[in-house]
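In: Pasting the sequence and the predicted model now:
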Amino acid sequence: MAGQLRLNHLQPPFNNPAIRRVILKAIDQEDCMNAVCGGDPQVERGSMGFFGNSPLASDASAELRKSPKDIARLKQELEAAGYKGERIVFLSGQDVPRIALVCEVAADALRRIGCNVDFVAADWGTVLQRISSRQPVEQGGWSCYVSYWSGIDLGSPATNSPLRGNGAKGSPGWPDSPQIEALRARFLTAADPAEQKAIAREIELQAMQDVPYVPAGQYLQP
């Protein structure tokens, strides 16, 4: 199972890709998985890129695996990216333990780098209802939430739905990246495994710029 922090690309502050890139660096995947798995090496897989531990994973997202985080520097980067203290409505599905735990870790990381986090604890059904809203947070909208996907689903551009950059046609968060979509189309028509792997690496590099979502580690489901 692979965790991820989903960001709302339609509303401030996460409509700003520079801010999303700072958040990408701020989330410590190992901290997230330690909270979920208690540091159990039998099930915890810690850091991952956008394709998990699949054969298509590359070194493109190695930056994500660096730990510990330089909080002072991240604070400076967040301010330089244009963050103005906007309220970040963080939806937490409290009745799903693995989600609730990662929400606590991720929200703490955001606060430590200077984010104005409004932590909304709710049941998962309420979270699912609210994330359909595309309105500003002042009108019942949202900024981010945590979800999980099967690692197998995330292992290929063909099946990694959260990595899509198809904007309004996509899933909540609605990332818009013509570059990722074009690379995905190339991947789907590539017949050579080596070419597919090379394209997957290009997708990861582009995802590091566009940040459709933030990987939050993975673990083996007992």
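Out: Nice, I can see it. Numbering: from 1, shown residues only.
In: right, and V214 touches R21 too?
Out: No - judged on CB atoms under 8 Å, V214 makes no contact with R21 at a distance of 9.9 Å. To be clear about C-beta, it is placed using only N, CA and C from the backbone, and glycine gets the same treatment.
In: where do the helices sit along this protein?
Out: Using DSSP state H, the helices of the chain run over 17-26, 29-37, 71-80, 97-112, 124-130, 151-154, 178-189, 193-210.
In: Outside of stretch 120-139 itself, list whatever touches it.
Out: With contacts defined as CB atoms under 8 Å, 6 or more residues apart in numbering, stretch 120-139 is touched by 6, 10-11, 87, 89-96, 99, 118, 140-143, 145, 172-174.
In: What is the end-to-end distance of that stretch?
Out: 15 Å (CA to CA, to the nearest Å).
In: Relative to the whole chain's centre, how far out is it?
Out: In terms of CA atoms, centre = their mean, to the nearest Å, the gap separating the centre of stretch 120-139 from the centre of its chain is 17 Å.
In: buried stuff in that stretch?
Out: Neighbour-count burial for stretch 120-139, counted by 16 or more other CB atoms under 10 Å, picks out 120, 122, 124, 127, 130-131, 133, 136-137.
In: What of stretch 85-96?
Out: 86, 88-94, 96.
In: What of stretch 104-121?
Out: 104-107, 109-110, 113-115, 117, 120.
In: go on, stretch 197-213?
Out: By neighbour count on 16+ other CB under 10 Å, the buried set for stretch 197-213 is 197, 199-204, 206-208, 210-213.
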